[in-house]
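J.: Sequence and predicted structure, then a few things I'm wondering about:
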Amino acid sequence: MPAFSSSRPAPDSPLGRLMATLPRSGRVEWIGLRPAREQAMVAVAEVEAKGGGGLRGDRYKGRNGERGVTLIQAEHLPVIAALAGLEAIAPATLRRNLVVSGIPLVALKGRRFRIGELVLEGTESCDPCSRMEAALGPGGFNAMRGHGGLCARIVEGGTVRVGDAVAAL
């Protein structure tokens with residue numbers, strides 16, 4: 001049996017072409033900032049982002065940029081709620097910066113994409129932290145596994161607004 005490989009298939013292979021096919025754009029549904037560790041998220045209609053950094057007003061703004069922006073799919077919120085035994089989850093509870101709909105975030109990992117004026121690059125999965133157990137109740141950490149979203153580096157800064165399109169480049 002061949003060993004498991006986490007590398008991407010060649011772009012010109014049949015699987016590589018399938019993985020690169022994203023014919024529809026998504027949409028920003030919600031924007032939130034984490035002003036400081038363990039403080040409540042602040043919902044905003046728009047935010048400025050610095051290339052190589054983070055979002056103005058977010059606690060991660062001065063870091064190395066690999067986690068400059070965190071994103072989660074709106075379509076996963078009801079799934080996480082169901083797995084946690086809840087009726088619904090407010091986006092701020094999950095502590096991600098952007099909630100987007102209509103485009104599979106997993107397909108943007110390792111790729112560049114545009115949101116409003118920003119150009120981002122998906123860097124890694126945004127796995128849940130232990131705080132999700134307290135936020136969602138017993139089993140909350142596991143309810144988010146596989147649904148935590150995507151971390152992205154800001155390649156080109158600018159402004160992102162609720163309603164902006166999300167499209168692969």
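T.: Arrived safely. Numbering: from 1, shown residues only.
J.: Show the model's pLDDT score for the residue nearest the centre of the chain.
T.: Centroid-nearest residue in the chain: Leu71, 1.6 Å away (criterion: C-alpha atoms, centre = their mean). For Leu71, the model assigns a pLDDT of 97.
J.: list the contacts for it?
T.: By C-beta atoms under 8 Å, 6 or more residues apart in numbering, the contact list for Leu71 reads Arg96, Asn97, Leu98, Val99, Val100, Leu105, Cys126, Gly149, Leu150, Cys151, Ala152. For the C-beta atoms, the positions are set from N, CA and C on the backbone; glycine is no exception.
J.: what's the distance between the closest residue to the third one other than its chain neighbours and Ala165?
T.: Taking C-beta to C-beta, 6 or more residues apart in numbering as the measure, Leu98 lies nearest to Leu71, with 4.6 Å between them; neighbours along the chain are not counted. Between Leu71 and Ala165 the distance, using C-beta to C-beta, to the nearest Å, works out to 14 Å.
J.: And Leu118, by the same measure?
T.: 11 Å.
J.: ok, these two, which is more surrounded?
T.: When neighbours are counted by other C-beta atoms under 10 Å, Leu118 and Ala165 differ, and Leu118 comes out ahead with 25 against 15.
J.: can you pull the contacts of Arg96?
T.: Gly32, Thr70, Leu71, Ile72, Cys126, Gly148, Gly149.
J.: Which residues belonging to stretch 36-44 are considered buried?
T.: Met41, Val44 (16 or more other C-beta atoms under 10 Å).
J.: Straight-line length of stretch 10-27, end to end?
T.: One end of stretch 10-27 to the other measures 29 Å (C-alpha to C-alpha, to the nearest Å).
J.: Show me how far that stretch is from its chain's centre.
T.: Taking C-alpha atoms, centre = their mean, to the nearest Å, one finds stretch 10-27 lying 19 Å from the centre of the chain it belongs to.
J.: Let me see the mean pLDDT of that stretch.
T.: Averaging pLDDT residue by residue across stretch 10-27 gives 81.
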